[in-house]
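K.L.:
Show me how the following folds:
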Amino acid sequence: MTLDQLRVFVAVAEREHVTRAAEALSIAQSAASAAIAALEAGHGIRLFHRVGRGIELTEAGRRFLVEARAVLARADAAELMLADLSGLVRGVLSVQASQTIASYWLPRHLVAFRRAYPGIEVRLGIGNTAQVAAAVHEGLAELGFVEGVVEDALLAATPVATDRLVLVVAPDHPWTGRAGLTLREAAEEGRWVLREPGSGTRSAFEAALIAVGFPASRLKVALELPSNEAVRAAVEAGMGATVISASVAAPALEAGLLRQVALPVPDRLYQALRHRDREPSRAAEALLALIAKA
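P.N.:
From the prediction side, this is the model:
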């Protein structure tokens, strides 16, 4: 098999559509179909089910996707190493970031990086803190940016920024305008809308609760949702309260869709993750230096 075949397979698997994958790779649909056919015929295995006019991964295809992504990540790392020798003229930098960071903090730094090093392609993946840490651990990303605590001895974490957390509710919530609310009172009285376990925002909130002696398991969680925007929308609709990044809450606060409740929630750190046993590329060092300077 070839790297080009693997790239086609991953693109098709992620989109479940040959034509869209071909467009993303700037190749002909026939070339994409031929690459998949060559992989399947060469190894005597079906990677996709053809269901009507659509396709979906077989069990073998799902397992192969993990390996294909890992091989392509290592190939990108090898290319970047060679690019380092040419002085950051060209190459690929793979980055993973948690949702809050990827949506509200990191983009301006990536724009500045691309302007400074236009030959370096930045590939950004998004997940929760646990998923980002796993990607860096496994070598699928060289750098990770998270806001949660990561307990992995093989990952080095460097603080890069501070984020403010705020408690927000709908305008008609009983806490609107309430003064003197403590974190423990809020935890005991509230009905909560939270991100899923493993997200940095939820981990930071639960750590603050533990610090005041309130077990996170006692929270009355009305909804667990997989994105900041979904959490914000549910709170706007009156489902309950949440603690989220001030950056996430800002548009709804300005529009009057949410109200902030005064609450002493500790700030949290944004951290950059890298693997201790892997030598950082010059591109990764350059991005971190640019962020530190900013």
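
K.L.:
contacts and neighbour counts: CA atoms only from here.
P.N.:
Noted.

K.L.:
Now do stretch 77-93, average pLDDT.
P.N.:
Taken as a whole, stretch 77-93 has an average pLDDT of 75.

K.L.:
Tell me the buried residues in that stretch?
P.N.:
By neighbour count on 16 or more other Cα atoms under 10 Å, the buried set for stretch 77-93 is 77, 80-81, 83-84, 88, 90-93.

K.L.:
just stretch 184-204 next, same as before
P.N.:
Neighbour count says stretch 184-204 has 184, 186-187, 190-196, 198-204 buried, by 16+ other Cα under 10 Å.

K.L.:
Counting only helices, which of the residues you listed make the cut?
P.N.:
If you go by DSSP state H, the buried residues of stretch 184-204 have 184, 186-187, 200-204 in helices.

K.L.:
hey, where'd the helices end up in this protein?
P.N.:
Under the criterion DSSP H, the chain contains helices at 3-15, 18-25, 29-43, 59-85, 99-104, 106-116, 129-138, 183-189, 200-211, 228-236, 246-254, 282-293.

K.L.:
and the ones you listed as CSV, adding distance to L165?
P.N.:
Below are the helices of the chain laid out as CSV (distance: least, Cα to Cα, whole Å):
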stretch, distance to L165
helix 3-15, 33
helix 18-25, 37
helix 29-43, 46
helix 59-85, 34
helix 99-104, 11
helix 106-116, 17
helix 129-138, 16
helix 183-189, 12
helix 200-211, 8
helix 228-236, 13
helix 246-254, 6
helix 282-293, 21
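
K.L.:
mean pLDDT lowest for which of those?
P.N.:
Ranked by mean pLDDT, the helices of the chain bottom out at helix 59-85, with a mean of 86.

K.L.:
Report the angle between that helix and helix 282-293.
P.N.:
With axes from the mean of the first three to the mean of the last three Cα atoms, to 10 degrees defining the directions, helix 59-85 sits at 80 degrees from helix 282-293.

K.L.:
Which secondary structure elements does helix 59-85 sit against?
P.N.:
helix 3-15, strand 91-98, helix 282-293 (3 or more Cα pairs under 8 Å, 6 or more residues apart in numbering; DSSP states H and E).

K.L.:
highest average neighbour count across these?
P.N.:
strand 91-98 (a mean of 24; mean count of other Cα atoms under 10 Å).

K.L.:
Who does it pair with, and is each partner parallel or antiparallel?
P.N.:
Strand 91-98 has its sheet partners listed here by DSSP bridges as strand 120-127 (parallel), strand 143-146 (parallel).

K.L.:
Residues in contact with the first one: which ones?
P.N.:
Going back to what we said before, that points to strand 120-127. Applying Cα atoms under 8 Å, 6 or more residues apart in numbering, the contact partners of strand 120-127 are 88-99, 102, 110, 114, 132, 283.

K.L.:
And for the last one?
P.N.:
Residues from elsewhere that reach strand 143-146, judged by Cα under 8 Å, 6+ apart: 94-98, 101, 128-129, 132-133, 135-136, 200, 270-274, 284.

K.L.:
For that strand, buried residues please.
P.N.:
Burial within strand 143-146, assessed by neighbour count using 16+ other Cα under 10 Å, is assigned to 143-146.

K.L.:
Turn these into JSON lines, including pLDDT and distance to K220.
P.N.:
Formatted as JSON lines, those follow (pLDDT from 0 to 100; distance: Cα to Cα, whole Å):
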{"residue": "L143", "pLDDT": "97", "distance to K220": "35"}
{"residue": "G144", "pLDDT": "97", "distance to K220": "32"}
{"residue": "F145", "pLDDT": "97", "distance to K220": "30"}
{"residue": "V146", "pLDDT": "95", "distance to K220": "26"}
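
K.L.:
Distance to L263 added to these, as JSON lines?
P.N.:
Listed next are the buried residues of strand 143-146 as JSON lines, based on distance: Cα to Cα, whole Å:
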{"residue": "L143", "distance to L263": "33"}
{"residue": "G144", "distance to L263": "30"}
{"residue": "F145", "distance to L263": "26"}
{"residue": "V146", "distance to L263": "23"}
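
K.L.:
Now for the residue nearest to H275 when sequence neighbours are not counted: which residues touch it?
P.N.:
In this structure, H275 finds its nearest non-sequential neighbour in L155, 4.7 Å apart by Cα to Cα, 6 or more residues apart in numbering. L155 sits next to 133, 136-137, 273-276 when contact means Cα under 8 Å, 6+ apart.
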